[in-house]
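Participant: need the 3D shape of this:
(chains A, B, C, D, E and F)
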Amino acid sequence: MEALIALAIGTLTGCGVYLLLRARTFPVVLGLTLLSYGVNLFLFATGRLVIGQPPVISGAANYADPLPQALVLTAIVIGFAMTAFVIMLSLRAREEFGNDHVDGAPPQAGDTA
Amino acid sequence: MTAHLPIAPILLPFLVGTLLLALGRLSLPAQRVLALVSVLAQIGAATALLVAVSGGDILVYRLGDWPAPWGIVLVADRLSAWMVLITTLLALWALIYASHGIDGQGRHFHVLFQMQLFGLAGAFLTGDLFNLFVFFEILLIASYGLALHGGGPARTRAGLHYVVMNLAGSTVFLFAAGLIYASMGSLNMADLAAKAGTLAPDMLGLARAGGLLLLAVFALKAALLPLHLWLPAAYSGTSAPVAALFAIMTKVGIYAILRSHTLLFGDSAGALAHLFDPWLMPLALATIVIGTLGVLAADSLGRLSGYLVLVSVGTLLTAVAVGTNGIAAALYYMPHSTFTAALLFLLSDAIRRRRLQHGDGFTPDADMPRHALWGGLFFAAAVAVTGLPPLSGFIGKFLILRAAPGQPWVWAVILLAALLAVIALARAGSQVFFNSQAATVAQAPKSGASPADVTLSGVSSARELLAVGGLLGLILALTVFAGPALDYANATAQQLTDPARYISAVLGGRP
Amino acid sequence: MQLFLAILTPFFGAALVAGLARHGRTVSAWTAAGVTAAALLQLLPLMAASFAGTTTIERLPWISSAGLDLVFRMDGLGVLFVLLILGIGLLVILYAHYYLSARDSLSRLYAYLLLFMGSMLGVVLSENLIQLLIFWELTSLSSFLLIAYWRGREDARSGARMALAITGAGGLALLAGFILLGHMVGSFELTQVLASGDLVRAHPLYLPALLLILLGAFTKSAQFPFHFWLPNAMAAPTPVSAYLHSATMVKAGVFLLARLFPVLSGTDAWTWLVGGIGLTTFLLGAVLALFKHDLKGLLAYSTISHLGLITALFGIGTPMAALAGVFHIINHAIFKAGLFMAAGIIDHECGTRDMRRINGLWHAMPHTATLAMVASAAMAGVPLANGFLSKEMFFAEAASAGSEYRLGWLLPAVATLAGIFAVAYSLRFIHDVFFNGEPVNLPKTPHEPVRWMKVPVEILVVLVLLVGIFPAQTVEPLLAVAAGAVLQGPVPGHSLAIWHGFNPALWMSVIALVGGAVLYRFRRPLFQLHDRLDKRLQGRLIFDALMQGLFGTAERLTRWLDTASLQRQLALFVVSTLVLGATGLVLVEAPLTGTRALLAVDGVSLMAGLVLILATLAATALHRQRLTALVLTGAVGLIVALVFVKFSAPDLALTQLSVEVVTVILLLLALYFLPATTPRESSAARRWRDAGIALLAGGGAAALAWAVLTRSNDGLAGFFLENSVPGGGGGNVVNVILVDFRGFDTFGEITVLAIAAVGIFALLGNLRLPGPTQDASGRAWDSDTHPMILATFARLLLPLALLVSVFIFLRGHNLPGGGFIAGLITAVALIVQYLANGVSWTHARLPAHTHPWIAAGLIIALLTGLASWLFGRPFLTSAFGHFDWPLVGEFELASAMAFDLGVYLVVVGATLLILINLGLVHRASANPEATPWKP
Amino acid sequence: MKKWLPHPLLTPILALVWLLLNNTVAPGHVVLGLLLGWAIPRFTLGFWPERVRIHRPLSLLRFLGVFLFDVLMANVAVAGLVLAGPRSLNPMFVQVPLDLTNALAVSLLANTICLTPGTVSARLSSDQRTLLVHALDCTDPEQLIHTIKTRFEAPLKEIFEC
Amino acid sequence: MLSSALILAFVFVAVAFGLSFFRLLRGPSLPDRILALDTLYINAIALLILLGIQLGSPLYFEAALLIALMGFVGTVALSKFLLRGDIIE
Amino acid sequence: MSLITEILLSALVLAGAAFTLIGSLSLVRFKDFYTRLHGPTKASTLGVGCLLIASSVYFSVTGDTLSLHEILVTLFLFITAPISAHLMAKAALHLGLR
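Facilitator: Numbers count the residues shown, from 1 in each chain, chains lettered A, B, ... in the order given. Next comes the predicted model:
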């Protein structure tokens, strides 16, 4: 199970990074979304994987570590706010530049893209 | 009330920011007054805090009355108080400058401004790693809004890059925090420092990775090579008062590096001790070099100032890397570099809006109104920023050099950088001020006027002068009272280099 | 305090003069002169004291902890220089008043001059070396202003920049040298430094310190190879040249040599460096001076040469030589200032300084001519002029010192040779200008200047003669105290007289005089030779080339580094992060896999995991079809939520699910205005590079996650689980952490959300994008804007959704849920109304601007936090209690719930504000009632 | 009256839902449920101004019964078709003319159609007179239309209209 | 017996997941993909309920509730996007 | 719990899972979009319905109180599922899928 989760985190991060390195705003936003999924899972994983022991006091013997969950919740919210902002910014850029290239200008021949 | 002193500089801007948001339809002048009052109050609070901690005791504020390391604590030691005071003082003049009209060119300037201060104060005062992340996000999201205030393609592009870079940075911060928690089992900095010594060997790798990822994040915020590329565009792109306020933003990164360098990875950190050492010095020196190249290559006052910020970052971190005396020197140099950077941004904006054709570019133009005055101000600013005598910049550089005997590289880089800065600024100054056809003071419309332009009414230019003069005054004060300032800096450096007091203050009896 | 005030006086004077600018030239002239006199008067008593042999030291504490107090020192050397600075200063002020044309602002010149004067005083009266350096650099700065006085002229600007660059560089070297010196001695104060000569000379750091300090001195005193800035500084007005470039600033270098003579001199390094450079400069300057057609150019090079002479004298290192050096400082200052002023008069009268055109002025201005001739006689070292005496001493020292060293004979030889050239250029100065036929088409017709313009020159010439004829009676005492201060010991026996009998020195003088005459007579071939070499040998050209190269390289490098490309920045960041993380993880010898017992994987999890991974990969692979990628991302989000459920984090699952919905809507809203597909721009190589980076990043993250997951570490969980119910009054520990244990995080978190909303609102401003009129495949949009069925059920769902959100909110403290999730549910329910019924319909029923909600939420959160102050508890301290009402039954109220209410409000407000305003971006959907509202 | 209790039907429904949500009939929750059931409609009044009238409560119940039964049947049938594979079915679009006018009724009908016999309501004509229905396996469109009209439309009509 | 039934059920749902995802990947048309996503949501509900029964904990129920309540919003938004482009107008 | 309830539960669980599976199966088996559309909207609703009843029974038996809130999920599904189906069909028609 751990391997599966680690693999998932890796994939999310990797793909996020790849999309982040694209030249248009929308892929970058998607990349950030994937990246935040990845990091949220990672942060969650720092509480280790526990099945069927949600940290809701019910007289059970032991519970999952609640702290990482709280942190992830905060992270999710902040991530959402940030994503929203970038999306908005991409629209603003679209208006200002007339295109959706992250550098404002579609690349010249042989230039970075 | 004194019991709540540490949280005062945090809550004040939050309160006012929220009020400004609630009273959305408040008239601009009213908003300005409110914001000004708030900033003055913050200066008061910050000063009180500084006085309170100057004796050497460390104030700990347990939020929610929960003990560390479980609850979040605010920790006010000499360093934090120093940074907060610098921030508030800077904010005052930036605000005054902004109130000459730039704040009216978009919505919610003052809300964002106050929230920015909220984030800054929190970042400097919190004693919890994840809470630091949260406050980073606050000051970043506010800075996003501010950076884009006013609009225009160049600004939007720079803003976009700035935002995306910092989002990537935030992600890495989360990875780092996760690693630290996973390996060291805490988020409270003091607790981490206490646990660092006795770290299980199989956790070492994770902890080290976490620490170095932190370095990456802080380096990005501080614009340390090679993560500096966002800075010049972002700073020269945005509106002047915001750029001035941003002078403190890089310092946040430097503060974070300094804090973790001394507290988390200090001498007592066992296997984690001196984690940053192999990286800090070379990167800092390289930053100075690259920054200086940029200074030489700059074609406008704005970019020039941007790169000068870079140089100051490099200088500060070099000093930090030197050791205790270096840290003291850095702490003295910190306010100087902050204020001078702000001063330069404000000046170059004021000059830009006064020159007829070429804005702040290095091309001859007609004399601006009150040529001599602005020329003189620029000369003073140049002296300050290049570290020429007699202003505080020289003292700072002198202290740094003095702290690093037998490190020829540091000497060579810092001195050469200073020389090249002098050359570059001499060229810039003589191009902008000396080489100009006299007369023709008429305000012809500037070609390609940027949206940040406002008509030069008497009031506005009075406010500009007030702000610029205020910053110059701060620099002068820093020069005249260099003695006390340095004593404080020395005391701070001492406090930083022995974290035991910090730890015991936060964790109470626990070691 | 006196010294300090005296030094401050000129600075205040500068401000004063600048302030009085509009009151006319005479006023500023008198003010400037008055200020100078005042400074002199303040210093007189102390100078008298040091004549009596006492050294005055004043101290003002400044940065004591860094050994940098303001300490001033008045001793013999100080006296000498104070006299030069202020005395000649007065004359220059008088002279400038008549020299400067009415167009130029006299007050500006005076202001700068006084600035310089003050700095110079500071240099010569400093006890603390660092403080000395501060003033030293100030002289550089003020000379920059003075040289660039005629800011309109390119040569003035470039000359000023060059002077600043070179002297500035020297100053920085000097700073380094001084810090080293202070490091060796343990103090920056001259008293200690001068006392510990032996210690310093024995110290391993002696050589570097010496080199750095000499660098400073030589740049300032225009010694070879840094001499070339001085001729270019001649673009300055002549009074400035007369003051800075003959008497004072250029003397600062040799002053330093004199000041530190007891500490640094007496080693071979000193002798060879200082003596060698001095001699070279002496000769070089003399030679070049001969060929300058520009009057001031000639004088500039002769100054260089004489400075070389003085340097050489200090280099020889004997007390006698030092004394001679001091003596020549005096003499050169006097006659060279006079010569510059004379040259200025000539320039002023003829409108040019080209000696090929200025000829035979004898008839036009005999008076000036006489003055100039006497002065240049001193320059040539003709008996009865003061220059002769010191030069004679020099020859004597050269002769005697020469006998001690191998190759020593070079010393007198070179000295004599230089002497010959000195005589030659002095002759030229006289002969070319005042005789040698008629003037060649001068701009003006020259005649004697106004009376007062000549007075300063006359005074100086008189001094030349007085010193030259009755040295013992006039200059002796001054020389004695000065030399005493330099040597910090007994002054060697010497007799200042014109006639010492037939000794080598006399013969050398004779040879110089005769040889000079001859050389001048046959100068033509030399001139041709020089003109051929001159093109290549100019220091200025080299300097300019250097600057060009510097700026060029900087620009190229910066342009290469700083392409405003986001992708490069990101790539750099990712790579550096990888490097740092890797070094952290790899450089310890612990296995990656830990010892924790692992969970077995079951079919569903495997399937879900695979779906997650494949969906992610697919979304990346298909990212060009943006909508498809979006749908796939939606699937990813769903599975992430399922993962949270699976591993006992129901709260996270709920949050993730609701955020997911909002995010999808957000992205769709944006996608409407963006192209439907991403063009294929990146080159294959680049895609591979990125893929590589991505692979490494993913691998790294996976490795870290694996390492974390396979190690156990009980974090802080225990405390939270124990205290959640008793301390926080809630069973849902996660929620209790959020609103209580770490409520401050949440406090910040909602602020972030609020600021984001506000920032977005501000950012959108009046942003109005035209939506595409047809979809990507060119199909027109469907006509049905609000499908009726959807509309109906959306309304039907609203109350239900609200009910659910209330439910989620209330249970949050004890069971999965809470303000944030509840807020999102509410927000989504309302957004569905927008989806189904459109903006205008909904705005008729909902406020367009939810700022008040956000503000209210924040304030509620704040007040809940502040409430605890009333009970003397810290911010955000929570309280809760159980109540029992009839009929209602027992229920719990916690202050944390109020806090959570704040969260709820902020979430609803922020989410709506963001989405609605995004929806309003479309021109069509922006109806007046909803147009952005002015704050 | 209308102002204070806009949807007399909604209140008990919401109260019921509330109790279901909390899985309890504790008096406190009953009170709270009724309170919410009263408050929420007040707040959402703007979104749902017209009051819903149930003319024949009994036929509503009968309709519900029929509906649930058909759902069950439809599901089984579709499941069978799915298992039988694509060859066994012949899908087609059918235009169903509508007599209903009430928006809610139409929507309910559309929903019902979606959930019951192998059909999905695909598009409502702009004049809301005809509903385009896609049938998974239909041999006789007339038959289908007739079923829909009699089985669902009629009861809905008598419940919500006339 | 229940446990074994649950295991079998899990397998069913897992397969259902796979099938829906296949459609999601395969497309070909966007409505197909949206439909697949919608189905994934419904499968998720099933999964959650099964999980709840298996772990004997009611804490997972709200997740199912939430999906049932809000899962369709995404689908609707996507469809509306295909229909109108501008989903909030 | 008693054998009968266990049998009942097992049956319900299996039936539910099976229907869910069939619903998804239709996505793969059918050739065109409109036919695929039927699967999820119907089979799945029933499948989920069965599972919900199962869960309701289970928690009513194991837990101390009657657990009926599962009904709500079904209720919501009955409201929402058709809407999505309807709109998807509408979109498909708009795109002119055959």
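Participant: so how far is C:Leu796 from C:Leu207?
Facilitator: Using C-beta to C-beta, to the nearest Å, C:Leu207 is found at 92 Å from C:Leu796. For the C-beta atoms, the positions are set from N, CA and C on the backbone; glycine is no exception.
Participant: so those two - more neighbours on which side?
Facilitator: C:Leu796 (17 against 12; other C-beta atoms under 10 Å in any protein chain shown).
Participant: nearest spatial neighbour of that one, chain-adjacent residues omitted?
Facilitator: Spatial nearest neighbour of C:Leu796, excluding adjacent residues (C-beta to C-beta, 6 or more residues apart in numbering or on different chains): F:Ile79 at 6.9 Å.
Participant: pLDDT weak spots in the chain?
Facilitator: Since you didn't name a chain, this refers to chain A. Along chain A, the model assigns pLDDT under 70 to residues A:106-113.
Participant: now do chain B
Facilitator: In chain B, residues with pLDDT under 70: B:1, B:356-357, B:436-460, B:509-511.
Participant: so which residue is dead centre in it?
Facilitator: For chain B, B:Ile248 is the residue whose C-alpha lies nearest the centre (C-alpha atoms, centre = their mean; 1.7 Å).
Participant: that one touches B:Thr88, doesn't it?
Facilitator: No: assessed by C-beta atoms under 8 Å, B:Ile248 is found out of contact with B:Thr88, at 9.8 Å.
Participant: shared neighbours of these two, anything?
Facilitator: Shared contacts of B:Ile248 and B:Thr88 (C-beta atoms under 8 Å, 6 or more residues apart in numbering or on different chains): none.
Participant: name the helix or strand for residue 35, please.
Facilitator: Looking at chain A here, since you left the chain open. Using DSSP states H and E, the element containing A:Leu35 is helix A:25-45.
Participant: hmm, I had chain F in mind actually
Facilitator: Judged by DSSP H and E, F:Thr35 forms part of helix F:33-39.
Participant: may I see the buried residues of that helix?
Facilitator: Buried positions in helix F:33-39, judged by neighbour count with 16 or more other C-beta atoms under 10 Å in any protein chain shown: F:Phe33, F:Tyr34, F:Thr35, F:Arg36, F:Leu37, F:His38, F:Gly39.
Participant: stretch D:147-161 too?
Facilitator: Neighbour counts over stretch D:147-161 (16+ other C-beta under 10 Å) mark D:Thr147, D:Ile148, D:Lys149, D:Arg151, D:Phe152, D:Glu153, D:Pro155, D:Leu156, D:Lys157, D:Ile159, D:Phe160 as buried.
Participant: burial check on the residue of the stretch 201-350 of chain C found nearest chain E, number of neighbours?
Facilitator: The minimum distance from the stretch 201-350 of chain C to chain E, using C-beta to the nearest C-beta, falls at C:Ala235 (68.2 Å). Using other C-beta under 10 Å, C:Ala235 is surrounded by 22 other residues.
Participant: can you name the residue of chain A nearest chain E?
Facilitator: Counting by C-beta to the nearest C-beta, chain A gets nearest chain E through A:Gly52, at 4.3 Å.
Participant: just say helix, strand or coil for that residue.
Facilitator: coil (DSSP: H, G, I helix; E, B strand; the rest coil).
Participant: next, give phi and psi for it.
Facilitator: With angles defined as degrees, to the nearest 10, A:Gly52 sits at phi 70, psi 30.
Participant: okay, now D:Glu142: neighbour count?
Facilitator: D:Glu142: 8 neighbours (other C-beta under 10 Å).
Participant: average pLDDT for the helix or strand hosting it, rounded please.
Facilitator: With elements taken from DSSP H and E, the one containing D:Glu142 is helix D:141-147. Taken as a whole, helix D:141-147 has a mean pLDDT of 86.
Participant: nearest residue to residue 14 in space, ignoring adjacent ones along the chain?
Facilitator: No chain specified, so I'll use chain A. Nearest in space to A:Gly14, with sequence neighbours left out and distances taken as C-beta to C-beta, 6+ apart, is C:Gly698 at 2.3 Å.
Participant: you looked at the wrong chain, it should be chain D
Facilitator: Leaving aside its sequence neighbours, D:Leu14 sits nearest to D:Gly37 (C-beta to C-beta, 6+ apart; 3.7 Å).
Participant: doesn't D:Ile13 make contact with that neighbour?
Facilitator: Yes: using C-beta under 8 Å, D:Gly37 is in contact with D:Ile13, at 7.3 Å.
Participant: re the thing from before, tell me what angle the helix or strand hosting the residue nearest to A:Gly14 forms with helix A:25-45.
Facilitator: In this structure, C:Gly698 sits in helix C:684-709 according to DSSP H and E. Angle, helix C:684-709 to helix A:25-45, by axes from the mean of the first three to the mean of the last three C-alpha atoms, to 10 degrees: 20 degrees.
Participant: ok so, going back, wait, a helix at the residue nearest to D:Leu14?
Facilitator: Yes: the assignment for D:Gly37 is a helix, going by three-state DSSP.
Participant: and it, what does it touch?
Facilitator: D:Leu10, D:Thr11, D:Pro12, D:Ile13, D:Leu14, D:Ala15, D:Trp18.
Participant: and the most centrally placed residue in chain E, which of the three is it?
Facilitator: Against the mean C-alpha coordinate of chain E, by C-alpha atoms, centre = their mean, the closest residue is E:Tyr41 at 1.6 Å. Under three-state DSSP, the three-state class of E:Tyr41 is helix.
Participant: for chain C, see how far away it is.
Facilitator: 6 Å (C-beta to the nearest C-beta, to the nearest Å).
Participant: likewise E:Arg84?
Facilitator: Distance of E:Arg84 to chain C, given as C-beta to the nearest C-beta: 5 Å.
Participant: circling back: contact partners for the closest residue to the residue nearest to the centre of chain E other than its chain neighbours?
Facilitator: Closest residue to E:Tyr41 apart from its sequence neighbours, by C-beta to C-beta, 6+ apart: E:Gly71 at 3.9 Å. For E:Gly71, the contact set (C-beta under 8 Å, 6+ apart) comprises C:Leu657, C:Val661, E:Asp38, E:Tyr41, E:Ile42, E:Ala44, E:Ile45, F:Thr80.
Participant: nearest to B:Ala366 among these?
Facilitator: Comparing the contacts of E:Gly71 against B:Ala366 with C-beta to C-beta places C:Val661 closest, at 59.0 Å.
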